[in-house]
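Novice: Just a sequence and a predicted model for now, questions to come.
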Amino acid sequence: MAVVPPTPVTPTPPPPPVTPPPVTPTVVTAPAASNAHAERPEKFSGTDFKTWQQKMLFYLTTLHLARFLKEVVAVPAPNADTQARSAFDAWSHSDFLCHNYTLNGLNNTLYSIYLGKKYKTEDAGIKKFVVGKFLEFKMVDTKTVINQVQEFQIILHDIMAEGMMISESFQVAALIEKLPPLWKEFKNYLKHKRKEMGLEDLIVRLRIEEDNRKAEIKTGKMLMEAKTNLVEPNTTKKRKHFGKDVKQGKNKKWKGTCWNCGKTNHKPRIVAYQRRTISIEQMLFNTNLCLLTCLK
């Protein structure tokens, strides 16, 4: 029996290593803002904060940036992977847009106060400048008191930003003293109040007083218009009646006999010579005058 030699088995080469597909990091891209920005609110000047706040929140919502007002993300560690760093960079960019869109909604004065750069070009005399501005500030009657109170608060903020602290009682007393001339009576009323008020309480009182003054002015105008529309009582009848009496008195016929011509129902023109002895020349003159009157 012949022996069959074994067939040599060729080893199967190992499969090539499978390289995993590159992992694309999920990057939080900044939302694309609308070109029109139609919902952008007006710049905040210090009044009606709640209204401006709601409008700004809606504006940021339309830009998909409202969540960055409250959202906080931790800074990735130095050895973090690329995906985590990219996500953090994208979040930082969106947070930057949200922050600056909000600041851009402030007017120039409030924006400068926030940045702390107001009057920084004159570092040497900035304290003297803000103190002088505080002392020279006076309210006028041509502007609303509440708007001028906000200007006064900005000056106080500048003073305290320079490290000069002012007590609240001093702020209240200074604000009362700087009220406009037409508020003299209300100023004296506030001065004689024994109970101390805070600055916010004083501002609320001023706002109420100003609203009441506006309402009184509006009511006064309405009363004036009502008076001008009143119809005067009709007195023409009495006047006409009185005129008729006078006219009738003038046209009333004289009952009697003229001593010049002897006719009845005829009043002589010259009454001064009645019952009086006159000369023949005067008698003739009166007779002629009477005849002329009769001819008329």
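Specialist: On my side now, so go ahead. Worth saying up front: this structure is predicted, and the values here are computed from it rather than measured.
Novice: can you list the weak-confidence ranges in the stretch 1-150 of the chain?
Specialist: 1-37, 116-125 (pLDDT under 70).
Novice: Determine the next helix or strand in the C-terminal direction from whatever helix or strand Glu151 lives in.
Specialist: Element membership for Glu151 (DSSP states H and E) is helix 145-161. Sequence-wise, the next helix or strand downstream of helix 145-161 (DSSP H and E) is helix 168-177.
Novice: between that following helix and helix 145-161, what angle do the directions make?
Specialist: Here helix 168-177 runs at an angle of 140 degrees relative to helix 145-161 (axes from the mean of the first three to the mean of the last three Cα atoms, to 10 degrees).
Novice: CA atoms of the helix or strand just after helix 168-177 as CSV?
Specialist: As assigned by DSSP H and E, the chain's next helix or strand after helix 168-177 is helix 184-191. Provided in CSV are the C-alpha atoms of helix 184-191 (Å, rounded to 0.1, in the frame of the first residue of the first chain):
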residue,chain,number,x,y,z
LYS,A,184,-41.6,124.2,45.3
GLU,A,185,-44.7,123.3,47.4
PHE,A,186,-44.1,119.5,47.0
LYS,A,187,-40.5,120.1,47.9
ASN,A,188,-41.4,121.8,51.1
TYR,A,189,-43.8,119.0,51.9
LEU,A,190,-41.1,116.4,51.5
LYS,A,191,-38.7,118.5,53.6
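Novice: Flag every buried residue along helix 184-191.
Specialist: Of the residues in helix 184-191, Phe186, Lys187, Leu190 count as buried by neighbour count, 16 or more other Cβ atoms under 10 Å. For glycine as for every other residue, the C-beta is placed from the backbone atoms N, C-alpha and C.
Novice: Also stretch 196-213?
Specialist: Buried, per 16+ other Cβ under 10 Å, within stretch 196-213: Met197, Leu202, Ile203, Leu206, Glu209, Glu210.
Novice: ok, residues contacting stretch 205-220?
Specialist: With Cβ atoms under 8 Å, 6 or more residues apart in numbering as the test, stretch 205-220 has contacts from Thr144, Val145, Ile146, Val149, Leu179, Trp183, Phe186, Leu190, Met197.
Novice: sorry, back to before: nearest to Ser167, of the buried residues of helix 184-191?
Specialist: The shortest approach to Ser167 among the buried residues of helix 184-191 belongs to Leu190, at 17.4 Å (Cβ to Cβ).
Novice: if I look at the closest one, how far off is Lys184?
Specialist: Distance, Leu190 to Lys184, using Cβ to Cβ, to the nearest Å: 11 Å.
Novice: Need the residues that contact stretch 150-158.
Specialist: If you take Cβ under 8 Å, 6+ apart as the criterion, stretch 150-158 is touched by 45-47, 109-110, 113, 118-119, 130, 133-134, 137, 166, 171, 175, 178.
Novice: Can you give me the domain assignment for the chain?
Specialist: If you go by automatic domain parsing, the domain ranges for the chain are 49-114, 120-228, 254-296.
Novice: Can you add distance to Arg40 and give those domains back as JSON lines?
Specialist: Shown next, in JSON lines, are those (distance: least, Cβ to Cβ, whole Å):
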{"stretch": "domain 49-114", "distance to Arg40": "6"}
{"stretch": "domain 120-228", "distance to Arg40": "23"}
{"stretch": "domain 254-296", "distance to Arg40": "94"}
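Novice: so which of these comes closest to Glu39?
Specialist: Nearest to Glu39 among these is domain 49-114; the distance by Cβ to Cβ comes to 4.8 Å.
Novice: Give me the distance between the two termini of that closest one.
Specialist: Across domain 49-114, the terminal residues are separated by 16 Å (Cα to Cα, to the nearest Å).
Novice: and what of stretch 99-115?
Specialist: Stretch 99-115 end-to-end distance (Cα to Cα) = 13 Å.
Novice: ok, and what's touching that stretch?
Specialist: Outside stretch 99-115, the residues touching it (Cβ under 8 Å, 6+ apart) are 40-41, 43-46, 52, 56, 59-60, 63, 65, 68-69, 118, 154, 157-158, 161.
Novice: what comes up buried for that stretch?
Specialist: In stretch 99-115, counting by 16+ other Cβ under 10 Å, buried: Tyr101, Thr102, Gly105, Leu106, Leu110, Tyr111, Ser112.
Novice: Which secondary structure element is home to the residue lying closest to Leu69 once chain neighbours are set aside?
Specialist: Leaving aside its chain neighbours, Leu69 sits nearest to Cys98 (6.4 Å; criterion: Cβ to Cβ, 6 or more residues apart in numbering). Assessed by DSSP H and E, Cys98 sits inside helix 82-104.
Novice: how far away is Leu189 from Leu60?
Specialist: Actually, residue 189 is Tyr. It isn't Leu. Distance from Tyr189 to Leu60, by Cβ to Cβ: 44 Å.
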